[in-house]
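Peer 1: structure, please.
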Amino acid sequence: MATMTITAKNFNTEVLASDKPVLLDFWAAWCGPCRMVSPLVDEISNEVATVKVGKVNVDEEPELAQKFGVMSIPTLVVIKDGKIAKQMVGARPKRDILAMLD
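Peer 2: Numbering: from 1, shown residues only. Predicted coordinates:
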């Protein structure tokens, strides 16, 4: 499944109402570590069918970043049943991101 762009408009439908866990990548275009994590998140979205994957641009969606208390990027958040299940800050290897989904 392709990575989705998550905005304030589609957040409730795509994230909170999702029947699958959702991996959110909070990022910005100017962030070097975000550019390292982004391809890994895209790979996971194509490889793991049991998870929905979305990206939140913190510059375009500051209210979502604030809602999740994002102070540093990249921040990865796993949402299950509408609640935060796991959260990780900083560039990490793919195996660490996959471990969040267990």
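Peer 1: element containing the residue positioned nearest the centre of the chain, please.
Peer 2: In the chain, the centroid-proximal residue (Cα atoms, centre = their mean) is Leu24; its distance is 1.3 Å. Using DSSP states H and E, Leu24 maps to strand 22-27.
Peer 1: now for Ile79, how many residues are close by?
Peer 2: 22 (other Cβ atoms under 10 Å). C-beta here means a position set from N, CA and C on the backbone, and glycine is covered the same way.
Peer 1: does it touch Lys20 like I think?
Peer 2: No - Ile79 lies out of contact with Lys20 (Cβ atoms under 8 Å); the separation is 9.8 Å.
Peer 1: show me what the helix ranked longest in the chain is in contact with.
Peer 2: Criterion DSSP state H: the longest helix present in the chain is helix 32-47. Helix 32-47 is contacted from outside by 1-3, 23, 25, 27-28, 51, 53, 55, 73-74, 76, 90-94, 97-98, 101, using Cβ atoms under 8 Å, 6 or more residues apart in numbering.
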